[in-house]
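K.L.:
coords below, sequence missing:
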Ligand SMILES: Nc1ncnc2c1ncn2[C@@H]1O[C@H](COP(=O)(O)OP(=O)(O)OP(=O)(O)O)[C@@H](O)[C@H]1O
Ligand SMILES: O=P(O)(O)OC[C@H]1O[C@H](OP(=O)(O)OP(=O)(O)O)[C@H](O)[C@@H]1O
Ligand SMILES: O=C(O)c1cccnc1
């Protein structure tokens with residue numbers, strides 16, 4: 001299921017410079033030139049060792065709905081330059097009115113663990129169209145991948161405990177809240193408090209009650225009893241409005257009444273104070289009263305570091321409600337994904353001409369130098385898990401098995417050779433072929449399950465939070481050579 005918030009075309013959801021470049025391509029008659037762009041990021045978020053790819057379902061929805069409406073064009077017609085004359089000529093707006101995307105898109109499925117410099121999405125098609133997709137694709141992939149990664153980290157520390165996403169009230173606007181709920185579920189949360197996300201994305205919804213419920217009664221016990229009466233099948237009581245341990249005693253009293261009517265006290269929630277101490281004391285009180293099955297839920301500015309610490313302190317919490325720090329991706333507010341031109345098709349029919357002109361961006365910072373080529377990622381594995389990812393140029397080496405040499409981009413003297421019979425998977429799969437969707441989106445639960453099987457394939461050192469081991473990602477030898485030669489050529493040309 002894709003996000004119903006995007007049922008209409010959002011073709012203007014782009015940066016103005018994409019439209020001005022599109023105009024430039026059209027005007028200079030290069031709009032139809034075949035190009036290849038790669039979308040990738042340069043650094044794992046949260047100083048971690050991995051990232052979870054997420055957001056492709058919304059990319060599919062976005063591309064399927066793409067088109068400039070009359071209203072969009074009316075707006076573009078109003079845009080003017082510094083001389084107050086229109087930016088775009090009418091014939092270009094007519095071109096946009098009739099524009100149907102004919103790009104081919106390959107992408108790494110949602111829920112896959114991915115690493116810096118790997119193309120998560122590869123777009124091939126008329127350069128004008130590829131260009132228009134840059135900003136929306138980055139917008140859609142960056143945020144969801146960031147939040148799915150945060151949730152996956154929370155899942156790693158929560159282990160088999162339940163994780164509830166409570167972030168809507170603190171999310172970055174409506175869409176931030178919606179997409180965060182989706183990505184958080186995919187990353188490993190069990191449920192969300194966001195009811196619209198539950199409806200649109202088929203995510204389980206869960207919740208307790210707020211302090212206001214307790215405060216609206218003359219006393220806490222009355223508040224608990226009333227809540228239990230109106231909803232006896234869903235009773236988790238927030239016990240910290242006045243005095244937490246006294247609140248637990250009141251919850252036990254209400255629990256006894258519930259049991260007398262054939263129901264049970266599902267849980268209590270702690271939302272302030274020392275959560276380790278209070279949960280241990282609350283557990284004792286509950287157990288002594290025979291409420292061994294009543295769960296202790298905790299919330300209050302939690303994140304993976306605090307949950308980890310609480311577990312080490314022996315906290316008796318088995319359900320974690322995480323809001324602000326999950327949906328705002330504390331403490332890294334953005335994934336720095338980029339979208340770079342990697343190849344342009346040469347004029348056909350020219351004798352001896354190569355099919356592609358490979359493109360790359362130079363930079364003084366090595367990390368910012370892009371990689372040319374029509375890239376695919378080959379993930380080698382053995383029966384225990386993933387070994388290494390090799391980025392290769394499909395023009396040099398198509399999907400076939402063959403021995404390959406992978407070169408470490410940080411140190412070209414470090415090489416790894418994989419035999420033809422080494423187990424592998426090529427990660428990018430066809431999503432659109434010449435504008436037609438050829439990918440059947442897995443349901444959200446399958447994507448969520450994929451995250452866990454993917455994480456199981458990673459060495460524990462890559463998953464640790466402090467100085468994680470760097471998972472090996474390299475370039476296939478011929479791609480490494482292509483890149484090196486192109487850098488030398490570009491540097492030489494730039495120095496002349
Ligand atoms: N035992 C603990 N170890 C580590 N962090 C904890 C522990 N108990 C609570 N925290 C975390 O400490 C942070 C602040 O909690 P603190 O008790 O100072 O404020 P509070 O309880 O929110 O106060 P207030 O009554 O104003 O809500 C929260 O992020 C909370 O999750
Ligand atoms: O702490 P978070 O991870 O964001 O989880 C969501 C928070 O939202 C609620 O608090 P509320 O909005 O009532 O405000 P509070 O900060 O006073 O608890 C709830 O009690 C949690 O504390
Ligand atoms: O249901 C809850 O307990 C809840 C929901 C949203 C935010 N904080 C808590």
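P.N.:
Great, that's in hand. This structure is a prediction, so every number in the text was calculated from the model and none was measured. Ligands and ions are numbered 1, 2, ... in the order given.

K.L.:
Quick check: pLDDT value at residue 366.
P.N.:
Looking at residue 366, its pLDDT stands at 82.

K.L.:
neighbours around whatever residue of the chain ends up closest to ligand 2, how many?
P.N.:
Closest contact between the chain and ligand 2, by C-beta to the nearest ligand atom, is at residue 323 (2.8 Å). Every C-beta, even on glycine, is put in place using the N, C-alpha and C of the backbone. Burial measure for residue 323: 21 neighbouring residues, criterion other C-beta atoms under 10 Å.

K.L.:
same question, residue 114
P.N.:
26.

K.L.:
One more: the one 10 residues further on?
P.N.:
The number of residues packed around residue 124, counting by other C-beta under 10 Å, is 22.

K.L.:
ok, it - contacts?
P.N.:
Going by C-beta atoms under 8 Å, 6 or more residues apart in numbering, residue 124 touches 34-37, 103-106, 130, 374.

K.L.:
Nearest to residue 209 among those?
P.N.:
Taking C-beta to C-beta as the measure, residue 209 lies nearest residue 105 of the contacts of residue 124, at 44.9 Å.

K.L.:
which stretch of helix or strand covers that closest one?
P.N.:
Applying DSSP states H and E as the criterion places residue 105 in strand 104-107.

K.L.:
just how off-centre is that strand within its chain?
P.N.:
17 Å (C-alpha atoms, centre = their mean, to the nearest Å).

K.L.:
Not counting its own residues, what contacts that strand?
P.N.:
So strand 104-107 is contacted by 56, 59, 63, 120-125, 376, 428-434, 439 (C-beta under 8 Å, 6+ apart).

K.L.:
For ligand 3, give me its nearest residue in this protein.
P.N.:
Closest point on the chain to ligand 3, by C-beta to the nearest ligand atom, is residue 207, at 2.9 Å.

K.L.:
Let me know the secondary structure of that residue.
P.N.:
Put simply, residue 207 is coil when judged by DSSP: H, G, I helix; E, B strand; the rest coil.

K.L.:
I figured the residue of the chain closest to ligand 2 was touching residue 299, is that so?
P.N.:
Yes - Residue 323 lies in contact with residue 299 (C-beta atoms under 8 Å); the separation is 7.0 Å.

K.L.:
Which residues are in contact with each of these two?
P.N.:
Joint contacts of residue 323 and residue 299 (C-beta under 8 Å, 6+ apart) are residue 166.

K.L.:
Name the residues of the protein found near ligand 1, please.
P.N.:
272-276, 300-302, 306, 309-310, 313 (C-beta under 6 Å from any ligand atom).

K.L.:
Give me the longest helix you can find in this structure.
P.N.:
helix 127-158 (DSSP state H).

K.L.:
ok now it, how far from the chain's centre?
P.N.:
4 Å.

K.L.:
By mean pLDDT, point me to the weakest helix or strand of this structure.
P.N.:
helix 477-495 (a mean of 92; mean pLDDT, DSSP states H and E).

K.L.:
Which other helices and strands does that helix contact?
P.N.:
Counting contacts by 3 or more C-beta pairs under 8 Å, 6 or more residues apart in numbering; DSSP states H and E, helix 477-495 is packed against strand 385-393, strand 404-407.

K.L.:
The same query, at a cut-off of 6 Å, please.
P.N.:
With contacts defined as 3 or more C-beta pairs under 6 Å, 6 or more residues apart in numbering; DSSP states H and E, the packing partners of helix 477-495 are strand 404-407.

K.L.:
Same question for the strand it packs on: list its buried residues.
P.N.:
404, 406-407 (16 or more other C-beta atoms under 10 Å).

K.L.:
circling back: now the residues of the chain next to ligand 1 as a markdown table including distance to residue 96, pLDDT and secondary structure?
P.N.:
As requested, the residues of the chain next to ligand 1 are exported to a markdown table (distance: C-beta to C-beta, whole Å; pLDDT from 0 to 100; DSSP: H, G, I helix; E, B strand; the rest coil):
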| residue | distance to residue 96 | pLDDT | secondary structure |
| --- | --- | --- | --- |
| 272 | 55 | 98 | coil |
| 273 | 58 | 98 | coil |
| 274 | 60 | 98 | coil |
| 275 | 55 | 99 | helix |
| 276 | 59 | 98 | helix |
| 300 | 50 | 98 | coil |
| 301 | 47 | 98 | coil |
| 302 | 47 | 98 | coil |
| 306 | 50 | 98 | helix |
| 309 | 54 | 98 | helix |
| 310 | 54 | 98 | helix |
| 313 | 60 | 98 | coil |
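
K.L.:
that older thread, which residues does the least confident helix or strand of the chain contact?
P.N.:
358, 360, 362, 371-373, 392-393, 396, 405, 407 (C-beta atoms under 6 Å, 6 or more residues apart in numbering).

K.L.:
Give the buried subset of those as a PyMOL selection command.
P.N.:
A single PyMOL command is used to select the members of these judged buried by 16+ other C-beta under 10 Å:
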select buried, resi 358+360+371+372+373+392+393+407
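
K.L.:
quick one: which of the contacts of strand 104-107 sit in helices?
P.N.:
56, 59, 63.

K.L.:
Please identify, among the residues you listed, the one with the most neighbours.
P.N.:
residue 56 (29 neighbours).

K.L.:
Touching, it and residue 108? I think so.
P.N.:
No - using C-beta atoms under 6 Å, residue 56 makes no contact with residue 108, being 7.9 Å away.

K.L.:
pLDDT below threshold where in the stretch 201-350 of the chain?
P.N.:
349-350 (pLDDT under 70).

K.L.:
Close to ligand 2 as well: tell me which of the residues of the chain next to ligand 1 qualify.
P.N.:
Restricting the residues of the chain next to ligand 1 to those near ligand 2 - C-beta under 6 Å from any ligand atom - leaves 300-302.

K.L.:
Looking at those, which is nearest residue 182?
P.N.:
So of these, ranked by how close each gets to residue 182 (C-beta to C-beta), first place is residue 302, at 20.2 Å.

K.L.:
got the contact list for that closest one?
P.N.:
Per C-beta under 6 Å, 6+ apart, neighbours of residue 302: 320, 322.

K.L.:
what do you get for the one 5 residues further on?
P.N.:
Contact analysis of residue 307 by C-beta under 6 Å, 6+ apart lists 157, 320.
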